[in-house]
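[1] A predicted structure for the sequence below; I have some questions about it.
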Amino acid sequence: MPTPLRMDMTLPNGQPLRFDMPGAKWDGTVEELNLSTPHHPMQQNDLSITITSAQEADIIAAADALIAKIAAFAMTITDQQRQGYFKLSDMRLPFHEKCRDYMHQNAATVPSTIDVAEYDKDQAAWDALTRMIAKVNTILQPLVDTQTVAGADMLNADLFYYNYLPLAAKAGTASAQDIYGVLKQSYPGRGPTPKPATGAAH
């Protein structure tokens with residue numbers, strides 16, 4: 001006689017019943033499951049670290065010290081000012097570099113309204129800032145990357161939880177349908193399919 005599937009049951013191969021298991025369906029049976037499929041964890045766990053309060057405090061203190069050093073020469077501008085300034089972007093660098101070379105090689109072509117000494121100070125500051133920004137980015141990027149993975153792990157679990165609620169509601173789990181209705185209002189929309197863990201970072 002076929003064995004009906006039940007919530008929270010353990011299968012003959014020792015695995016817990018999962019809603020995403022191949023062959024699993026409402027009113028299904030154990031015999032319909034593909035128990036030869038290797039077990040994959042339901043929850044993505046690409047990151048598994050603990051940041052202590054002391055570590056966080058040390059990083060923030062070091063950042064405060066860096067901020068104080070930068071404040072000795074750096075400017076802070078408003079969003080409106082930021083939008084108003086010309087941007088010396090990568091696309092404009094070749095034009096700037098040619099202008100700089102011609103100004104220094106052909107002094108007679110430089111108008112009296114341009115202070116070349118100040119122009120050179122700006123160039124030296126630009127070069128130093130470029131080097132400093134590149135170095136600071138090597139510090140910031142690993143933090144941003146780590147936060148990205150932590151967020152992805154949590155959202156993966158959120159989506160599994162959300163998708164599980166209708167099954168729990170059908171099984172008569174109290175509040176499951178109400179919770180699903182609330183979460184549906186802020187559901188983030190279609191995105192990458194949740195994937196199993198590929199190895200945790202420690």
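    Looks like it arrived, so ask away.
[2] longest helix of this structure?
    In the chain, with assignment by DSSP state H, the single longest helix is helix 116-170.
[3] Report the next helix or strand after that helix in sequence order.
    helix 176-184 (DSSP states H and E).
[4] pLDDT value on the residue minimising distance to the centre of the chain, please?
    By CA atoms, centre = their mean, the chain has its centre lying nearest to Thr148, at 2.3 Å. Per-residue pLDDT puts Thr148 at 96.
[5] just the angle between the longest helix of the chain and helix 176-184, please?
    On the basis of axes from the mean of the first three to the mean of the last three CA atoms, to 10 degrees, helix 116-170 is oriented at 160 degrees to helix 176-184.
[6] Output the contacting helices and strands for helix 116-170.
    For helix 116-170, the packing partners by 3 or more CB pairs under 8 Å, 6 or more residues apart in numbering; DSSP states H and E come out as helix 93-105, helix 176-184. (Each C-beta comes from the backbone N, C-alpha and C, glycine too.)
[7] hmm, 7 Å instead?
    Applying 3 or more CB pairs under 7 Å, 6 or more residues apart in numbering; DSSP states H and E, one finds that helix 116-170 makes contact with helix 176-184.
[8] CA atoms of the helix it packs on as CSV?
    Below are the C-alpha coordinates for helix 176-184, written out as CSV (Å, rounded to 0.1, in the frame of the first residue of the first chain):
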residue,chain,number,x,y,z
ALA,A,176,0.3,30.6,7.5
GLN,A,177,-2.3,32.0,5.2
ASP,A,178,-2.4,35.4,7.0
ILE,A,179,1.3,35.7,7.0
TYR,A,180,1.4,34.8,3.3
GLY,A,181,-1.1,37.5,2.5
VAL,A,182,0.9,40.2,4.4
LEU,A,183,4.2,39.2,2.7
LYS,A,184,2.6,39.1,-0.7
